[in-house]
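Novice: Here is my input; please provide its structure:
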Amino acid sequence: MADITVISTPHASGWVCTVQISESNGQTRHSVTLKRHDLNELSAGKLTTPEELVKRSFEFLLERESKEQILRQFELPTISRYFPEFAAEIRKKFQ
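Specialist: Numbers count the residues shown, from 1 in each chain. I've put the predicted structure just below:
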C-alpha cells in the first residue's frame, strides 16, 4: 500500500500541493494546483482541507494507475479528463 504525503502552500487563488507517494519500489513527487472553488465543489460542500481532498484524489488515481503514470504537475480537476467518473466518485467519499 502506498504512503501518500500532502503538503499544501497557500496560493493566490487556492493552494499548491506537493504530493509524495512512497511504495516499496520507490517514490514519486507531484505538484497539484487546487483552487478554492474546486475544493468546495469536489468535496460536495463539506468542510475539509486541501490536503485531505488531494490525498483522497491520489488514492482514487492509485486504484487505476501506478504512481509513475500520474502526471507530475497538474490542476486537480484535470483528473476528470482522464477519468470522467472522478468528480462523482470523489464527492461520494465526502458524503
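Novice: In this structure Lys55 contacts Val6, no?
Specialist: Yes - shown here, Lys55 and Val6 form a contact pair, counting by CB atoms under 8 Å, at 5.1 Å. Glycine gets a C-beta too; all of them are placed from N, C-alpha and C.
Novice: Report the contact partners of the nearest residue to Leu61 once chain neighbours are set aside.
Specialist: In this structure, Leu61 finds its nearest non-sequential neighbour in Ile70, 5.4 Å apart by CB to CB, 6 or more residues apart in numbering. Ile70 makes contacts with 21, 28, 30, 58, 61-62, as judged by CB atoms under 8 Å, 6 or more residues apart in numbering.
Novice: cool, and Leu61?
Specialist: 70, 79, 83.
Novice: What distance do you get for Lys55 to Arg64?
Specialist: Applying CB to CB, to the nearest Å, the value for Lys55 to Arg64 is 16 Å.
Novice: Let's see the pLDDT reported for the closest residue to Phe83 other than its chain neighbours.
Specialist: Computed as CB to CB, 6+ apart, the closest residue to Phe83 that is not its neighbour in sequence is Arg64, at 6.4 Å. Model confidence at Arg64, expressed as pLDDT, equals 97.
Novice: Wait, a strand at Arg64?
Specialist: No - counting by DSSP: H, G, I helix; E, B strand; the rest coil, Arg64 falls outside a strand, being coil.
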